[in-house]
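*Asks:* Provide a 3D model corresponding to the input given below.
(one chain, ligands or ions: 1)
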Amino acid sequence: MAEMSIFSRIVAREIPADIVFESDRIIAFRDIAPKAPVHLLVVPKTEEYANVVELAAGDPALLAEMVAVARDLAVEHSDGDFRLIFNSGENAGQTVFHVHAHVLAGGLAEGTLGRE
Ligand code: 5GP
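*Replies:* Numbers count the residues shown, from 1 in each chain. Prediction:
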């Protein structure tokens, strides 16, 4: 059997994480290397989809659930405004090929997308 992704190992409690939300299909936890005052990862429990393009084609309802969870977490952990990032492909900085959304919030400046 193929090795589990790092995020599936968090779902299975094989490695620890600061979990902030869990439902039957989704888990969310704090990023280990935060890039903003609030930096959460929203992750479907299935690792069937490597990136958001595959997820949107294969299970758009699950993608919509992730967006709703991101919104709720931004309200709970910040002022409700947030940035939702899906790195898609190595050249866009994706390192974990188990689809996940970065939820960034709290003190984000305008014009800070992309390089520096
Ligand atoms: P990507 O670069 O694939 O879009 O995002 C992967 C993210 O997962 C990175 O921001 C990285 O800091 C985070 N990450 C990698 N390994 C772990 C881990 O074991 N625990 C947690 N909480 N985050 C992780």
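*Asks:* Just give me how far the helix ranked longest in the chain sits from the chain centre.
*Replies:* Under DSSP state H, the helix in the chain containing the largest number of residues is helix 60-77. Helix 60-77 sits 10 Å away from the centroid of its parent chain (C-alpha atoms, centre = their mean, to the nearest Å).
*Asks:* That one: what's the following helix or strand?
*Replies:* Of the helices and strands lying after helix 60-77 in sequence (DSSP states H and E), the nearest is strand 83-85.
*Asks:* So which elements touch that following strand?
*Replies:* The contact analysis (3 or more C-beta pairs under 8 Å, 6 or more residues apart in numbering; DSSP states H and E) places strand 83-85 against strand 101-105. For every residue, glycine as well, the C-beta is placed using N, CA and C.
*Asks:* then the strand it packs on to CSV, C-alphas only?
*Replies:* Below are the C-alpha coordinates for strand 101-105, written out as CSV (Å, rounded to 0.1, in the frame of the first residue of the first chain):
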residue,chain,number,x,y,z
ALA,A,101,-6.3,25.1,1.8
HIS,A,102,-4.2,27.6,3.7
VAL,A,103,-6.4,30.0,5.7
LEU,A,104,-4.4,33.2,6.4
ALA,A,105,-5.9,35.9,8.6
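*Asks:* quick one: it to chain centroid distance?
*Replies:* 7 Å.
*Asks:* please renumber so the chain begins at 239
*Replies:* Got it, the first residue is 239 from now on, which makes the last one we talked about strand 339-343.
*Asks:* Summarise which helices and strands it is packed against.
*Replies:* Packing contacts for strand 339-343, counted by 3+ C-beta pairs under 8 Å, 6+ apart, involve strand 276-282, helix 298-315, strand 321-323.
*Asks:* who's in contact with the shortest one?
*Replies:* Identification of contacts with strand 321-323 by C-beta atoms under 8 Å, 6 or more residues apart in numbering yields 274, 305, 308, 339, 340, 341, 342, 343, 346.
*Asks:* Identify, from those residues, the entry nearest to the ligand.
*Replies:* residue 340 (6.3 Å; C-beta to the nearest ligand atom).
*Asks:* Quick check: pLDDT value at the closest residue to that closest one other than its chain neighbours.
*Replies:* Once flanking residues are discounted, residue 340 sits nearest to residue 323: 4.2 Å by C-beta to C-beta, 6 or more residues apart in numbering. Residue 323 is assigned 97 on the pLDDT scale.
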